[in-house]
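Participant: Generate a structure from the sequence data that follows.
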Amino acid sequence: MEQVDTLAKGQDIPLQRDVDAIAIPFGKTETLPEDSVVSVMQAKGGTVSVAYEGRLFLIEGANFDALGMEPLSRPTLAEDASDEQVEQFVWDQLRTCYDPEIPVDIVELGLVYGCRIERLLSGERIVTIRMTLTAPGCGMGDVIAADARNKILGAPQISQVHVETVFDPPWSREMMSDEAKLELGMF
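Facilitator: Here you go, the predicted model:
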């Protein structure tokens, strides 16, 4: 099976089975039928954005078999991970979350304002992410938040993830890292 990092923009792929995909920018799930041909637009962070019948869709890693690739499994963390390792895990997972229309992760885009991890007496942790969107009306906000939540919940010590979307302060291009600006040709 083909690996996601070998996919090229514009590459056409016939779907191996019916697959639930998220319509961009609306965030609604639709089923794309088996044997339909989709065109790769972006393959980043465990998701693939594809064009189908003039519309954009997001296919998540668990459904990669529909593209003829191995499905992605949830990320994990060692049972005895330290607080520092858990925090690094959370930030690493956030760096695999992408706006399906922008080839830069949400951390480098400056969308993540903060991350707080609280430890319970049981040893489990609750993670609270404070983030924003590039525009308040972005239909993909819930999808991006769910992607972050699902990736972080892969660690057995993390029992809950809350993603709080805020618009104060409002996001601006100045919040992007230099790497993001370079990637987007804004330097």
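
Participant: which regions of this protein lie under the pLDDT threshold?
Facilitator: Applying pLDDT under 70 to the chain flags the ranges 1-2.

Participant: Relative to Gly45, how far out is Pro75?
Facilitator: Look at Pro75 and Gly45: by C-beta to C-beta, to the nearest Å, they are 11 Å apart. Using the backbone N, CA and C atoms, a C-beta is placed for each residue, glycine as well.

Participant: Comparing the two, which residue is more hemmed in?
Facilitator: Set Pro75 next to Gly45 and count neighbours by other C-beta atoms under 10 Å: Gly45 wins out with 22 against 16.

Participant: separation between the more buried one and Ile106?
Facilitator: Counting by C-beta to C-beta, the gap from Gly45 to Ile106 is 9 Å.

Participant: swap in Ile158?
Facilitator: Ile158 is 18 Å from Ile106, by C-beta to C-beta.

Participant: Who has more neighbours out of these two?
Facilitator: Set Ile158 next to Ile106 and count neighbours by other C-beta under 10 Å: Ile106 wins out with 26 against 21.

Participant: next one: phi and psi at Ala148?
Facilitator: phi -60, psi -50 (degrees, to the nearest 10).

Participant: Could you find the closest non-adjacent residue to it?
Facilitator: Cys97 (4.9 Å; C-beta to C-beta, 6 or more residues apart in numbering).

Participant: OK, contacts around that neighbour?
Facilitator: Residues in contact with Cys97 (C-beta atoms under 8 Å, 6 or more residues apart in numbering) are 45, 105-107, 144, 147-148, 151.

Participant: burial measure for Leu153, as a count.
Facilitator: 16.

Participant: right, and it touches Arg74 too?
Facilitator: Yes. Between Leu153 and Arg74 there is a contact under C-beta atoms under 8 Å: 7.5 Å.

Participant: just the strands in the protein please.
Facilitator: For the chain, applying DSSP state E gives strands covering 12-14, 19-24, 29-32, 37-44, 47-52, 55-60, 112-119, 125-131, 158-165.

Participant: Out of those strands, which is the most enclosed?
Facilitator: With neighbours taken as mean count of other C-beta atoms under 10 Å, the strands of the chain reach their highest mean count in strand 47-52, at a mean of 23.

Participant: Only the C-alpha atoms, please, for it, written as CSV.
Facilitator: Output of strand 47-52 as CSV, limited to C-alpha atoms (Å, rounded to 0.1, in the frame of the first residue of the first chain):
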residue,chain,number,x,y,z
THR,A,47,-5.1,13.6,6.7
VAL,A,48,-5.5,14.0,2.9
SER,A,49,-7.5,16.8,1.3
VAL,A,50,-8.9,15.7,-2.0
ALA,A,51,-10.9,17.2,-4.8
TYR,A,52,-14.0,15.3,-6.0
